Structures are given as structure tokens and as C-alpha cells.
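Engineer: A structural model of the following input is requested.
(one chain, ligands or ions: 3)
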Amino acid sequence: MLVFLGFVLLLPAMIYAAVAEPSGVTIKNDHPLIYYHGRWDKSPGTWWAGSGLKVHVKNLRSLALNLGPHTTAPLAAIGVSVNYGEFVTVNVSAGANVIPIPPSVKPSSNSVVRINVEGWQDNRVNLETITLNSGAALLPYKPSKLKFQFIGDSLSAGQFLPKGVDQAWPFLTGEHFKAEHSVTAQPGAALTDILSYGNVHGVSFQFFRTEDTGFYYTTDHNFTTPWDFSADRVSTTHIVIHIGANDASQNVTDTQFVQVYSDFLTRVRTIYHSQPIFVFTPWGWPNADGSFGYYYQGKYQDIVSKRAAIGDKNVFLVDTTGWVSYADVFPENVHPNVPGHQNIANKFIAWLENWGLSPERQWATSA
Ligand SMILES: *[C@@H]1O[C@H](CO)[C@@H](O)[C@H](O)[C@H]1NC(C)=O
Ligand SMILES: *[C@@H]1O[C@H](CO)[C@@H](O)[C@H](O)[C@H]1NC(C)=O
Ligand SMILES: *[C@@H]1O[C@H](CO)[C@@H](O)[C@H](O)[C@H]1NC(C)=O
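Structural biologist: Numbering: from 1, shown residues only. Ligands and ions are numbered 1, 2, ... in the order given. Next up is the predicted model:
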């Protein structure tokens with residue numbers, strides 16, 4: 001490094017070259033080798049926690065995201081993982097955002113950079129271009145053979161966690177299996193299409209849309225558009241649904257809930273014709289005295305049985321009773337804390353492995 005500095009001092013032209021480097025290689029947002037995941041609108045901009053992109057890069061030394069005006073102001077938190085390392089939070093805003101590349105990354109080898117929005121709100125990243133160092137180039141990103149689609153509410157979206165969805169059990173489960181994963185989960189929302197805790201729609205409506213229900217609170221995109229499932233239809237391999245807490249809070253009756261859930265599954269089956277669907281029972285709201293607040297007891301079994309009765313044998317009940325204790329939740333809101341989400345992920349991973357799913361041995365795109 002000292003030698004290099006001396007060299008620069010003697011040759012001012014070298015300084016210019018170093019400073020000029022940020023101009024690098026510009027990758028436009030429609031570049032076919034950007035692997036987008038989750039839900040993006042046409043701007044293109046993210047909605048729903050966990051949406052993001054992956055790039056496989058040759059000769060990576062620097063990467064910047066140049067974001068447009070539909071990005072959340074003043075900032076959106078994103079998780080960044082380089083070469084399958086831990087996800088690190090970076091706050092980004094409209095304009096140029098340098099993404100730190102760990103010093104361990106060898107520029108001579110190929111690198112995988114994975115980026116996703118962490119929050120269930122303030123989660124809009126409007127990608128214009130990516131700037132790479134000169135000499136870098138995109139390579140194809142090959143997705144995993146496994147792809148989970150998670151559907152839920154705050155208990156899946158990672159509400160109240162420091163790193164949002166990146167620390168939530170669905171994300172952790174997907175990572176364990178070295179799978180692609182989308183988490184379409186809306187805190188406060190019921191499955192029933194009713195107003196619930198500020199959500200103008202329920203998940204049985206909004207799941208089929210590009211935007212999360214936050215669209216209603218924006219001035220630049222106060223509308224919602226159908227989601228085009230054509231890519232998800234073929235690539236999604238496993239669907240996991242954990243929902244009902246907010247229906248219960250809104251006094252949706254047992255009978256209504258079973259009907260809404262059954263109708264939802266019928267519609268989900270028009271997209272994912274035969275993939276296994278895992279229906280979670282509630283783990284309940286733990287109380288300090290060791291008791292639990294349960295809802296719709298026995299009804300999730302009824303929902304699964306109704307599917308079996310019409311010939312759909314690929315819907316499975318995941319009984320989560322006992323998965324969460326009072327120590328696993330934040331006392332002030334009774335949502336799982338960081339170790340609580342890890343415990344839930346570990347239990348579901350064991351459940352899936354027992355069911356017959358094995359993790360991929362390695363990521364499909366190796367770094
Ligand atoms: C991101 O911004 C939030 C809100 O200002 C702040 O609390 C947090 O520490 C920031 N995180 C990072 C990694 O910069
Ligand atoms: C979005 O539009 C609805 C009417 O469709 C309106 O009631 C609401 O206030 C608008 N939101 C904002 C943030 O302007
Ligand atoms: C639900 O029912 C309870 C008990 O009858 C009542 O206190 C509460 O206000 C109701 N909530 C809603 C959202 O209707």
C-alpha cells in the first residue's frame with residue numbers, strides 16, 4: 001500500500017485514474033442478468049419485505065446502487081450478503097449508494113451479491129442502474145432448484161426485529177435450505193379482505209397484487225396492480241402459509257375464517273397447481289404466566305381436511321403448538337424476538353426434513 005501511495009504521489013495521473021473509477025461499468029435496470037426476486041413494480045421498485053435482487057459478478061471490487069425518486073425517503077434499509085456471508089444492513093436513499101464489499105472478497109474470483117429490502121414498510125427501492133468497477137461484468141445467476149413462497153402477517157414479516165425480515169423464520173428457513181424465497185407477508189392484515197390495523201385490504205386480496213398495502217399511504221403510487229405470476233408459477237416449489245391472528249382480532253368467526261381460507265387455497269391452486277402447501281396452526285400468544293391465547297383452534301385442521309376431501313392431498317398441517325414460549329417474544333408486543341424467530345426456523349426446518357425435504361448441498365451459483 002505504501003509503495004502504491006508513493007507511486008501515486010510521483011505520478012499525479014494515477015490519482016486521476018483512481019478517482020475516475022466510480023464511472024466504472026453501468027448496468028441498466030433492464031439488464032437480463034439481474035436476477036430480481038419478490039415483488040417489483042414497473043418503475044422498477046420493490047414492495048413487500050424481502051424483495052430484492054441477486055447478481056453474480058466477475059472481478060468485483062465496488063458496487064453502487066443508483067436509485068430513483070420512488071425510493072423511500074429519507075431511507076430504506078436493505079440487507080446485503082456477499083458470497084453467502086451474513087446479511088448486513090445498509091441504509092439507502094435516492095441517488096448513488098455505495099454498497100460495502102468486504103475486504104475478504106478477491107477481485108479475481110466471481111462474487112454473488114444478494115440484496116433485499118428488510119422492512120414491511122419504508123421498503124421501496126427504485127433501481128435505476130448499478131455501477132460496478134471497471135473490468136467487472138455480470139455473469140448469469142442460476143437460481144436454486146428450491147423456491148419457497150411464504151404468505152403471512154407480522155409473524156412472518158419480521159416486524160419489530162432489528163433487521164426485519166432478514167431475521168424472521170421464513171427467511172432463515174429459506175437460507176438453511178439454500179433456496180430462493182419470497183415472503184409476501186403484511187403486518188396487521190387479516191386474511192379476510194377487510195380493513196385491519198390500517199391495511200385497506202386483506203392478504204386474500206393483496207397476495208395477488210404487486211404492491212403491499214403500503215401503497216395506500218404513498219402519494220406517488222397510490223394504486224395497486226395485479227401481480228404477474230408467470231415466473232413464480234413454474235419456479236415456486238413449496239408454499240407456506242401462516243395467517244389468522246388479525247382475522248381473530250377483527251372478530252372474523254370460525255365459520256367465516258374456514259370459508260375465506262378455503263376460497264384462498266382454491267385461488268392459490270389456480271397458480272400453484274400441485275406444489276405442496278404447508279398450513280401453519282397458530283403457536284398462540286404466550287403470556288407471562290405460561291398460558292397461551294389461541295385462536296381458531298381445530299379450524300386449520302378443518303381447512304386441510306376440506307382440501308383432502310376434494311382430492312388435494314398435497315396440503316399439510318404444520319402443528320406449531322409449543323414452538324414459542326414467553327422467552328421467545330418481546331413482552332411489549334408478544335411477537336417473536338430474534339432468538340424466538342431462530343427457534344421457530346429450527347423447528348420448521350426439522351419438521352420439513354422429517355417430511356422429506358433436504359437442503360441443497362450448495363448454492364446453485366457458487367461464489
Ligand atoms: C439506518 O438508519 C436508521 C434510522 O436512521 C438508524 O437507526 C440505523 O442505525 C441505520 N443503520 C445503518 C446500518 O446505518
Ligand atoms: C390514497 O387514495 C385514497 C383514495 O383512493 C385516499 O383516501 C388516501 O388518502 C390516499 N392516500 C394518500 C397518502 O394520499
Ligand atoms: C371483537 O369482539 C370483542 C368482544 O365482543 C369486542 O370487545 C371488540 O371490540 C370486537 N372487535 C372488533 C374489531 O370488532
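Engineer: which helix runs longest in the chain?
Structural biologist: As assigned by DSSP state H, the longest helix anywhere in the chain is helix 338-355.
Engineer: can you tell me what sits against it?
Structural biologist: Helix 338-355 is contacted from outside by 158, 161-162, 167-169, 172-173, 176-177, 283, 316, 318, 320, 323-324, 327-329, 336, using CB atoms under 8 Å, 6 or more residues apart in numbering. No exception for glycine: its C-beta is placed from N, CA and C like everyone else's.
Engineer: narrow those to those in strands?
Structural biologist: 316, 318 (DSSP state E).
Engineer: any of the contacts of helix 338-355 buried? List them.
Structural biologist: 158, 161, 167-169, 172-173, 176-177, 283, 318, 320, 323-324, 328-329, 336 (16 or more other CB atoms under 10 Å).
Engineer: roughly how far apart are the residue in the chain that ligand 1 sits nearest to and ligand 2?
Structural biologist: Among all residues of the chain, Asn91 sits closest to ligand 1, at 3.7 Å; criterion: CB to the nearest ligand atom. Distance, Asn91 to ligand 2, by CB to the nearest ligand atom, to the nearest Å: 23 Å.
Engineer: so what's the residue count around the closest residue to that residue other than its chain neighbours?
Structural biologist: Spatial nearest neighbour of Asn91, excluding adjacent residues (CB to CB, 6 or more residues apart in numbering): Leu75 at 4.4 Å. Using other CB atoms under 10 Å, Leu75 is surrounded by 14 other residues.
Engineer: residues contacting Leu75?
Structural biologist: Shown in contact with Leu75 (CB under 8 Å, 6+ apart): 91-93, 122.
Engineer: what about the residue most central in space within the chain, is that helix, strand or coil?
Structural biologist: Centroid-nearest residue in the chain, with CA atoms, centre = their mean: Gly50, separated by 2.2 Å. Three-state assignment for Gly50 (DSSP: H, G, I helix; E, B strand; the rest coil): strand.
Engineer: and the pLDDT for it?
Structural biologist: pLDDT for Gly50: 98.
Engineer: hang on, the earlier thing: now render the contacts of Leu75 as JSON lines, adding pLDDT.
Structural biologist: Output for the contacts of Leu75, formatted as JSON lines (pLDDT from 0 to 100):
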{"residue": "Asn91", "pLDDT": "98"}
{"residue": "Val92", "pLDDT": "98"}
{"residue": "Ser93", "pLDDT": "98"}
{"residue": "Asp122", "pLDDT": "98"}
